[in-house]
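Trainee: Here's a sequence, model it:
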Amino acid sequence: MERNAITSFNPSKKHSEPERWICIYPAYLDSTKTLKQGRKVPKDKAVDTPRLQDILDVLKATKFPVYCERKRYPRETSREQEHLGRIRFQLKNDDGTPLNPQFITRDSILLYLGGKIPQLKSRQGPSAAPEQISVSKPQPPSKKKKGGRR
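Mentor: Numbers count the residues shown, from 1 in each chain. Predicted structure coming up:
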C-alpha cells in the first residue's frame, strides 16, 4: 500500500500521522553493508541481504501500522529493483507513549528485526528431506567427430 500525500516532517503533527512514522530501509539491516554504507545494527545482529517483504512481514506480525513506499536509499549505489523501497511504521501513540511497550526506540525495532528475519519461513532453506537417489539411463557412446581444418 503506497501513500502519495505525505508532506515533509513537521514536529507539530501527531505521532499517528504518517509524516511522523519511522522509516526503515533494508540497508539498515544488511550484513553485507558497512556502517559507512548505511548499516545501523551490529554485524552479528544483521541479516544477509534482507528483503523489503521480510521486514514488512515481521512488522505486521508485531501489529504495527505499516506501509511500504517506493523510495531508494540515498547511500545505495545500485539502482536495481531489489534495492528499491522503504518501510514506514508507527512507533508511538499520539501522546508520545510507545505503541508496543516492548519496542520504545527505533534501535530496539532494528535489533528485533535482525533476530526475527532469519527465522521466517521464506528464509529457511529446503527442509531436510531424505535424499532422492537419481537413476540415470545409460547413454549410448557419442560419435567422435573428425578434426576439421586447422
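
Trainee: Which parts of the chain are helices?
Mentor: 52-61, 106-116 (DSSP state H).

Trainee: Which strands or helices does the longest one pack on?
Mentor: Just to be clear, that refers to helix 106-116. Helices and strands touching helix 106-116, by 3 or more CB pairs under 8 Å, 6 or more residues apart in numbering; DSSP states H and E, are strand 22-24, helix 52-61. For every residue, glycine as well, the C-beta is placed using N, CA and C.

Trainee: ok, and what's touching that helix?
Mentor: Helix 106-116 is contacted from outside by 22, 24, 28-29, 40-41, 45-47, 50, 55, 58-59, 61-62, 89, 91, 102-103, using CB atoms under 8 Å, 6 or more residues apart in numbering.

Trainee: For the most centrally placed residue in the chain, give its distance to Asp30.
Mentor: For the chain, the residue nearest the mean C-alpha position is Arg51 (3.0 Å; CA atoms, centre = their mean). Going from Arg51 to Asp30 by CB to CB, to the nearest Å gives 10 Å.
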